[in-house]
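Peer 1: sequence first, predicted model second:
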Amino acid sequence: MLASWKARLFVGLSLSLSVVKASGEQFDEQLTIQSLRDGKVASTFSFKTLLKGVSPRDPRTLGAEDASQHYNVFPLALGQILREYAVTELHLSLNAGRWNYDRWGYPKEPAVGTGAELWAWMGDGGQVSVDHRWMGLRNALAGLFCASLGSLDEQRTTSPDRSFEPEGMLPDWGVPHRIRHATLPSENVCTENLTPFLKLLPCKSLSGIASLLNPHRLFDADWHGMGIHVLWREDEGVEVRLTFQSVSDPVRSSLGRKRDWSFRSLFDRTIDRQCPIAKTSEITVALPSEGSYSINPEPSVVNAGKASFDVATIDKPLDVALQWSGDFQYVSGFDKPITPFSVQRTLRGSSQAHGQLSVIVKNHQNSTQQVVYLETMPWLVQFYLHTLEIRVDGVRRDGIFSDIAYIPAVPHSRPATFQGILTLPPSSALHLTMDVTKSFLRYTEHRPDAQRGWDLPPAVLTVLELDSNTSTARHPVNPRIYTSTLLVDMATPDFSMPYNVIIFTCSLIAFIFGSVFNLLTRKFVVVRID
Amino acid sequence: MDPPTAPTNFWTQLLLRPIQRFSRNGSTNASESRIRRRRAVVSFITRRLWLLQLTLFCTGYLWLLIIPSPRLGRRTYIDENALQPGQVNTYWNWGDVHAADKNLAQLEALRDSNATSKQRAEFIRDQFHKLGVSASTQNYAFSTGNTITNGTNVYGIIASPRAPGTEAMVISASWLSRTGDGDGTLNLRGVSTVLALAGFLKGYSLWAKDIVLVVSDGHLDGMHAWLAAYHGSTQSNLQADHLDLPSGVIWTALNIDYPGHSFSHLGIFFEGNNGRLPNQDLLNSFQRISLYTGGVPVLVYDHLDSREHPDLSGLPPWIPTAVRKHPEVQSYVYQAKNVVRHFSYQARGRPSGVHGLFHQFRIDAITLFAVPATGPHGFHAIGRVIESTLRTTNNLLERLHASFFFYILTGADRFLKIGSYLPSAILISIAMMFNGLRIWSDLAWSEDQPEIPEKQKQTQFTNKKTWTRRTRPVIKVLAIMIATHVYGAFLFAAVTSLWFSDNPKVASPLVFTIFAFIPLIILCALPSEKTSRGSLSATLKALNLCLASTVISITALLNFSLATLLTILMGVPLSISATSKKFAVRFCMYNVYIVLGIGWLFLQDETLKAVWHWEILSIWFAPFVCLVYTPLVLQAGLVCLLPQ
Amino acid sequence: MDPLPRIPRDPSSLFFQADNVRRYIIGSYWLIIILALPLWWSTTSIERLSLPTSRVISQAQQRLSIPVTISLQAGVESASLAFQLKESINERIIKAPNRWKGLDIQVNHDRLLNKNTDNGVYTITEGTEEPTLQDRRLKHSLQAPALSKLVDLLSDLIVPFSEQDHRVAQFATHYRLSFTLLNEDAAAGAFVNHWPVSNAISRHVSPILTQLAVLHNFTIESQVQYHAPLAFKPQPIGDVYGITPEDLTVFVNSAEWTLSSSASNDPVLHFVLFVPSAARRPLRIMDNRGSLSASNAFLLPQWGGIIILNSVDQKEITPIELSPANMDSIFSTFADHLLTLLGVPKLPSGLKTLSFGEHNTFTEWQLDAVLRFRALENAKGAQDTLQSIVKLVDQIENMPVGQDVKGDVQEALNAIERMYTSSRTSLIETLRHSARALTLSSRAFFNPGMLALLYFPAEHTYAVYTPLFASAFIPLFVAALKEVKAWKKQRRQHNDTAPDVRRLE
């Protein structure tokens, strides 16, 4: 019978060629490359899949059998997870390195916190609780991305709804939506995370812009990070955006100290074929403002200092290259901050019991600004809130820190959430200090690997737009700012010889016990000698 | 069994509590015999206690003497597997050497135009910026007395790629070299090496930790200010700016000291504040790297090995050459030199270089001192060695914790474990403790016929007990001891006073005389009652000895060199202190002890240095001497002074 | 200066030297220790509930047997015929006992048979030459010569699987059917980017699923992939490309194709429509002799089915959309694959089936065969699993057995018992219970809690405790011993002094 259907097939195909159906899914890919002040090159890949007219799963239907899923472009593996746990909005980012805001400015994709960060908005209601779904979600993602997201457990999960507002919309089911957020700064990102990431793309890394994603070069960059963002918009539908950012340093690799770059030099690859699925596939290069340079091939469009290439039309293999005439010189003050704010967060003190958290926020604008300051601190480090002290340019000031919301940590179970609004006077440096205590770990809580210390998640600052007439804060406009992560030294026993320790302690106890016992039960008599 | 002597009587009294649980009316003879046996043993020991003390003293001091001997130590080894010293091939080449030379030329120009430290710092910062290293400066000012030391540090940070920047390694060079404890010799080559390294290290993406490059002003003060600001530790007499550029937790630090224009050996300096030592793995791996990667032989300090340079062996010529040429003797002499140098640093708690300031923050740090010579090595060698050492410390997954923190480095590749040197001091302190306890126990008893000489007493007073218990004037003695410590506090106040530091020439003899006479005056003022005859002095001695021994044995673990110094200064003198009938004798002996106790006042600059170290670097030596050492010796002096 | 007293006061006059005080002290020590023992025990011992071992073993003995009733309706001589039929079937059973295991075949001939039992009766009626099948009714000629043919036919219908079919997927109550359209290389052009999958499924797959609803329930999903490289190079033969049988074994390139889902643990049945790259068309399957085989679809046992779609080899980039007609042919093949994978037997050849409702794709006979086969399989699986749990637990000393494990085991046993009871009455009930038993037993077997303390053996505990307890207990023991001795001695003295007193008076 198989032979018979083949005959019919040819007919069918010839018919079908005339028919063109409007697919409910759309895929766009984009690459943005920008030369930074310090000679580094920031490249941002963004792959957007839109599932039109689809809304996320209502948590109340979780008990029942789910509708069958049919996707053409949308990654099924991700779709299953989203529907299995009824996730409305999801953001996962895996980054390696510290994003240097002062030098590089704001990133194209805001989520640049070191390590792994996962946050999701989920409708509350139905028979499965949000926390249960959150657990299932992080385990499923851990399996999907080969990352240790499974350890983003209750000890790291918080719900900071203020700083992480949904980027899309939340469907109105008549049930409230809850946020769950967790970070794992010690997670380091490498090839085994990129491979599953690429598999989610319709063209893998075999054609189109994605073919530039070459692990060998990407993981040699100064900074790199990948992100998965799922969100829903009422008029459009469910959107999945996969992003990859990297900051590579051509000055380092070129011994001649030149800042020229090309696809070959950055990724060691070129675009040979376009991805046939992509509706649009665009490469945008931010043209430098000063210096004489040449860019080839000739860009399709140039406007507003941006040259853009349309991969579909331009002749392949495509290898965009930007060349400067002269050698690269570091301009004086090349590391003066270009962001309106710069943040510096350190944990002072070298003792293993106490320390001091010190956050310095500099406001470079000459207007008062308000930022939401968020600490999601594991219970390893606990705050002494009464020692909170704020100095502006070295002078102690009150009323700077308002709307403080504090959920204290519960040792061995729950992290602390510390959130408040900082009011930054124009062009000033605000110095916030707070004493912390480092808790004492149970011996089973020490990790089996080398004791380099414990990584603490970054603090997050969200800039609030200021209303002109009343100085009340509105919802965020600027991207979040992630501070650097911290490393904290806990009191660590010497695990190399546990039995010695046990035996020493036991003998001491036994000695004390023995002597006390003897004194209590000894019988004295007088014995006359001569 | 032989009859018990006076003191043993007390010991046996102590033992009048047999552990006997059988019936009360029952046969006591079992326990009785046990008691007799115990008495016998105890009296045997107690009557030969002096012998025990003697042996302990002798072994202790002998042990101290043989510490430098090559037979006691062992070869060093690497304990931490992650370090893998010298396993990488280095990339530092002549181009980088050229860069270093250029920097040097500019720095020399700067020096000749005798620029202020601020100008220097700004110049160096601009150099960093030209290399694309983010850098900043820090102003600081120490106020000691009415002098104000101020300066400007400059530091740059090479952020490690792909790393969160929570860990860091430091390469530092102070503007002043350590030669002559910062007597003004400039460390230009060290600074230019740091600058060249900044450009070189930035070109590699293999760093797992941030690299912090610090050029500190002055010798010790600059780095101290920088570290204080980095770790947020406050100090009353220090005004230092905040650091603009943050970095992570510092694990290791290398301090470069390169005063001459080329060098023959690299010397390791490792002693830190208050006698703290870095982990030995750092020293050992540096030693191996320098030898095998850089081809530069390593020394401890700047002592050229007398085995290679026979003219350097400090042996007097009258010693027969057979002995002098004997290899064992030679290595003993060489190692003795190292040990003595080590003691001289550690005992006074002085850092032997800028590195020493790191240790208090749990950072393992050493100074590489390029021993000035006419060759053969220069920037090329030191660059390679430092690069390779950095690669090694870069491998660390956790703080250095294996290997040793307690050791005595007798040679570049030989060391003593704590087990092989600690007993010496401990034995001596035990001897002192025994002495004190014995006196204490003897004091509890007095016989009725004191005029009968000791010998006959033992023979006569066997069967009938003529010993009477007497109380010991503990309260009085304690009062005296506390008084001596208060006296020490006053002395410390006097020494640290402005007035003293301003005109030491006048002050020191004045203070000496005053503090020498205070006790005499007080003693004359006090009414001496006849009841407790001599027991006051003796009790004081007993407690003094016990206290001293405790102090020594505790110090031995924290700072062995200091403990050794104490054993030498106090061990025998405190044990032989005794009162006598004639006041003249007592007075002379008292004077001897006074000289021993506060004679150091006459070493004015030494005293001033100690005070400076206390005020700036908070090194405990000065207070320790005033508050612990001097009172102890003074107590011994009072023992002699008090009437019999 | 007080002189040493000649006679120090007698210590025994001190209150704390009184015997009973001392004994109280020692006693209280022991009292506390004894009181503490149970606490210590409960905090340090492993939770190890007892499993119903005897029940498991007893259940392992008995075997499930499902009645199959054949009623012969052949007028007057049906009794004799029934007897002959029974005889010859018995011969078959003796010949191949494994094949007929678990069934007891009854052949009766009474005219009034009860239609209204779920555990349906197969009726055989006299029919024309050609055997025809209508839902539970078989028309067959009942002449003596045709009897053997009838028996063959019956055995093929009732026990279609001569031996365990390895292509059939493991039983599960819930399957995931994933339909995947794989373009080997879309960038090479002429790729398929859209297939009207949902109505094709509703046309071909859903009827099967509805019929099998009594056994399993299903989740359906589909995806399209545009780059699915093969792990091997097809070899060109003339203008076609061939896949050798050994290539077929590695056809599924699971490293590159993302077919499996990480969302749930349900078993997945994959149905892959593979579109070769435009550079390699047509792609054909070769048989062992190296000649191209007619079929372009093949089935991977227990995994799924694959169809290679060689569309017209045009080179332009325009993507192809499969028409309903193609989908029909493709999905009818997928449907066959699905039936095979789920163990629905094929009808024996030369058997005419009358219309059995246009929704149904197979007959009651086949469905019953699957039900019986699955029920027996599950029963055996459940029993084996339970046995191995019991064995494992009593082999490994410090393996914890929590309440959940115990509960699961007991539930499984109950389910098995219910299965036995219902096996007489209803086949579907039997299957349901057997499935429940299987799932419960395997859940108990793979309970993670059972691995908890395996790696902290008792020696470690002793190594930790000894230094403390040994050195603390010795003085306790000695003290108690001595005290007891002293006390006895005292008693004895007291006894033998008492008479003297009496004599004195």
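Peer 2: Alright, I've got the coordinates.

Peer 1: could you use CA atoms for every contact and neighbour count after this?
Peer 2: Noted.

Peer 1: what are the ranges of the helices in chain C?
Peer 2: Assigned by DSSP state H, the helices in chain C fall at C:19-44, C:53-61, C:78-95, C:147-158, C:197-204, C:206-211, C:245-249, C:324-341, C:364-395, C:403-425, C:427-445, C:458-504.

Peer 1: just the stretch 451-600 of chain B next, same as before
Peer 2: B:454-460, B:474-496, B:498-502, B:504-525, B:535-558, B:560-566, B:572-576, B:583-598 (DSSP state H, counting those that start in this stretch).

Peer 1: pretty sure B:Val611 contacts B:Leu498?
Peer 2: No: look at B:Val611 against B:Leu498 with Cα atoms under 8 Å: they stay out of range, at 10.9 Å.

Peer 1: of these two, which one has the most company?
Peer 2: Neighbour tally, B:Val611 and B:Leu498, criterion other Cα atoms under 10 Å in any protein chain shown: the higher count belongs to B:Val611, 24 against 15.

Peer 1: what's the burial count for the residue of the stretch 151-300 of chain A found nearest chain B?
Peer 2: Per Cα to the nearest Cα, A:Asp222 is where the stretch 151-300 of chain A lies closest to chain B, at 4.2 Å. A:Asp222 sits with 23 neighbouring residues when counted by other Cα under 10 Å.

Peer 1: model confidence at it, what's the number?
Peer 2: Turning to A:Asp222, the model gives it a pLDDT of 90.

Peer 1: same question for the one 4 residues further on.
Peer 2: Here, the pLDDT recorded for A:Met226 equals 93.

Peer 1: A strand includes it, no?
Peer 2: Yes: assigned with DSSP: H, G, I helix; E, B strand; the rest coil, A:Met226 falls within a strand.

Peer 1: okay, and the beta partners of it?
Peer 2: As for beta bridges, A:Met226 partners with A:Leu94, A:Phe244 under DSSP bridges.

Peer 1: after the helix or strand bottoming out on mean pLDDT in chain A comes which helix or strand?
Peer 2: When each helix and strand of chain A is scored by mean pLDDT, DSSP states H and E, helix A:2-18 comes last, with a mean of 37. For helix A:2-18, the following helix or strand on the C-terminal side (DSSP states H and E) is strand A:25-35.

Peer 1: contacts for that next one?
Peer 2: Strand A:25-35 is contacted from outside by A:41-52, A:72-74, A:209, A:277-288, using Cα atoms under 8 Å, 6 or more residues apart in numbering or on different chains.

Peer 1: what about chain C: which of the residues you listed touch it?
Peer 2: A:72-74 (Cα under 8 Å from any Cα of the partner chain).

Peer 1: what is the burial count for B:Ile480?
Peer 2: Neighbours around B:Ile480, by other Cα under 10 Å: 15.

Peer 1: scratch that, A:Pro493 is what I was asking about
Peer 2: For A:Pro493, using other Cα under 10 Å, the count is 12.

Peer 1: show the pLDDT at the residue of the stretch 351-500 of chain C found nearest chain B.
Peer 2: Nearest to chain B in the stretch 351-500 of chain C, going by Cα to the nearest Cα, is C:Ala486, at a distance of 6.1 Å. pLDDT, C:Ala486: 86.

Peer 1: that one - how many residues pack around it?
Peer 2: Count around C:Ala486 with other Cα under 10 Å applied: 16.

Peer 1: report the contact partners of A:Leu486.
Peer 2: A:Leu486 touches A:346-347, A:455-458, B:166, B:248, counting by Cα under 8 Å, 6+ apart.

Peer 1: contacting residues for the residue lying closest to it once chain neighbours are set aside?
Peer 2: In space, and not counting its chain neighbours, A:Leu486 is closest to A:Leu456: 5.0 Å by Cα to Cα, 6 or more residues apart in numbering or on different chains. Shown in contact with A:Leu456 (Cα under 8 Å, 6+ apart): A:185, A:377-378, A:485-488.

Peer 1: gap between A:Leu456 and C:Ala479?
Peer 2: 54 Å (Cα to Cα, to the nearest Å).

Peer 1: also B:Pro316?
Peer 2: 69 Å.

Peer 1: neighbour-wise, which of those two wins?
Peer 2: Legend: neighbour count by other Cα under 10 Å for B:Pro316 and C:Ala479, higher for C:Ala479 (19 against 8).

Peer 1: from chain A, how far off is C:Leu413?
Peer 2: Computed as Cα to the nearest Cα, to the nearest Å, the C:Leu413 to chain A distance reads 27 Å.

Peer 1: my guess is that residue contacts C:Ile57, does it?
Peer 2: No: under the criterion of Cα under 8 Å, C:Leu413 is not in contact with C:Ile57, lying 10.6 Å apart.

Peer 1: looking at the two, which is more packed in?
Peer 2: Using other Cα under 10 Å as the criterion, C:Leu413 and C:Ile57 rank with C:Leu413 on top: 24 against 14.

Peer 1: and A:Trp232, how many neighbours?
Peer 2: So A:Trp232, with other Cα under 10 Å, has 26 neighbours.

Peer 1: nearest residue to it in space, please, no chain neighbours.
Peer 2: Using Cα to Cα, 6+ apart, the closest residue to A:Trp232 is A:Val238 (4.4 Å).

Peer 1: confirm for me that that neighbour is in contact with A:Leu51.
Peer 2: Yes: A:Val238 is within contact range of A:Leu51, at 5.1 Å (criterion: Cα under 8 Å).

Peer 1: between these two, which contacts overlap?
Peer 2: Joint contacts of A:Val238 and A:Leu51 (Cα under 8 Å, 6+ apart) do not exist.

Peer 1: circling back to that earlier point, tell me which of the helices of chain C is the most buried.
Peer 2: Sort these by mean neighbour count, taking mean count of other Cα atoms under 10 Å in any protein chain shown, and helix C:427-445 sits at the top with a mean of 24.

Peer 1: so how far is that helix off the chain centroid?
Peer 2: How far helix C:427-445 lies from its chain's middle: 8 Å, per Cα atoms, centre = their mean, to the nearest Å.

Peer 1: same question, stretch B:420-428
Peer 2: 15 Å.

Peer 1: interface residues of the stretch 51-200 of chain A facing chain C?
Peer 2: Counting by Cα under 8 Å from any Cα, the stretch 51-200 of chain A sits next to chain C at A:65-77, A:80-81, A:84, A:140, A:143-144, A:199.

Peer 1: and those, which of them are buried?
Peer 2: Applying 16 or more other Cα atoms under 10 Å in any protein chain shown to these, the neighbour count classes A:69-77, A:80-81, A:84, A:140, A:143-144, A:199 as buried.

Peer 1: so which of those residues belong to helices?
Peer 2: A:76-77, A:80-81, A:84, A:140, A:143-144, A:199.
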